[in-house]
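>>> Got a predicted structure here, sequence first:
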2 protein chains.
Amino acid sequence: MTTTATPEATLRAAMADWEDALQARDLDRLFSHYAEDAVLYDVKPPFEIRGIAAIRQVWEDCLPCFPEQFAIESENLRFVVGEDVAFLHRLHRFTSPESGHPITTMLLRVTVCFRREGDRWLVVHEHVSLPFDPESGMVVAKP
Amino acid sequence: MTTTATPEATLRAAMADWEDALQARDLDRLFSHYAEDAVLYDVKPPFEIRGIAAIRQVWEDCLPCFPEQFAIESENLRFVVGEDVAFLHRLHRFTSPESGHPITTMLLRVTVCFRREGDRWLVVHEHVSLPFDPESGMVVAKP
């Protein structure tokens, strides 16, 4: 990665590496993209997860439930990239050759916020959710 | 608002005015804080709501269900403010003298992302959610 890359190109490369690291289950590489003080609002409780160590524990606990092979598909991905702060949001679907695996049945809404530190963009906040039906109180997994 | 205010002070003032406009049910003032291309991920379907007119319609539909008087309480509010992009996240509770009103029973997770246009910060993305219990599929309204 050279210093002549635009901030947006650098950020897109970081996100691609994040996805690649997740698919490889390489948590050291995955968490090289996080700031120490990152805060996650995850799809399931607790309401907030504070700090890189606690967020890493979430992935350590949930990755064994993922199918052996999986990929990520995005819809309506948007990057908004400033000088030193940036964010993206997208609709996010896990796909897998294992048809019908529970994680492939949801269309997640994902917001990821970054702070630039030198030439690197670090994740400082993530918000992942599904909407719910106020009448039934049930989560809605897909449109 | 003078140009000598720091970006963070300007952003905090905009958020305070947003809250004040909501409590006053003044949608013109509320939506003066939004960019035309804002995208909302709301607590209830649809999965995404695109554009200022569609987001305004959400508030027009839901404000009649709010108690006559209400306020907003934040927990763990954090601002991350750059030169031209910023975001905040917080746990957000509506309070009201009408005890037990449905909207006061939830602790929402809220992320708001901004782009600076001259001296103004405009909301370009909001993500509001509750987590859910993967066993039951039920939303979890408070910790």
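On my side now, so go ahead.

>>> contacts, neighbours, all on C-alpha from now
Fine.

>>> which element follows the longest helix anywhere in chain A toward the C-terminus?
Ranked by residue count under DSSP state H, the longest helix found in chain A is helix A:7-23. Using DSSP states H and E, the helix or strand that follows helix A:7-23 in sequence is helix A:27-31.

>>> Buried residues, that next one. List them.
Of the residues in helix A:27-31, those buried under the neighbour-count criterion (16 or more other C-alpha atoms under 10 Å in any protein chain shown) are A:L27, A:L30, A:F31.

>>> Which of those sits closest to chain B?
Each of the buried residues of helix A:27-31 was scored against chain B by C-alpha to the nearest C-alpha, and A:F31 proved nearest at 20.1 Å.

>>> Which positions in chain A make contact with chain B?
Counting by C-alpha under 8 Å from any C-alpha of the partner chain, the positions of chain A adjacent to chain B are A:41-47, A:80-87, A:109, A:111, A:113, A:127, A:129-134, A:137-140, A:142-143.

>>> burial measure for the nearest residue to A:P46 once chain neighbours are set aside, as a count.
On the basis of C-alpha to C-alpha, 6 or more residues apart in numbering or on different chains, the spatially nearest residue to A:P46 that is not a chain neighbour turns out to be B:P143, at 6.9 Å. Other residues near B:P143 number 10, with proximity taken as other C-alpha atoms under 10 Å in any protein chain shown.

>>> show me what contacts B:P143?
A:P45, A:P46, A:F47, B:L107 (C-alpha atoms under 8 Å, 6 or more residues apart in numbering or on different chains).

>>> One more: A:F87?
Shown here is A:F87, whose contacts under the criterion C-alpha under 8 Å, 6+ apart are A:F79, A:V80, A:V81, A:T111, A:V112, A:C113, A:F114, B:C113.

>>> Surely the last one forms part of a strand?
The one in question is B:C113. Yes: looking at B:C113 with DSSP: H, G, I helix; E, B strand; the rest coil, it is inside a strand.
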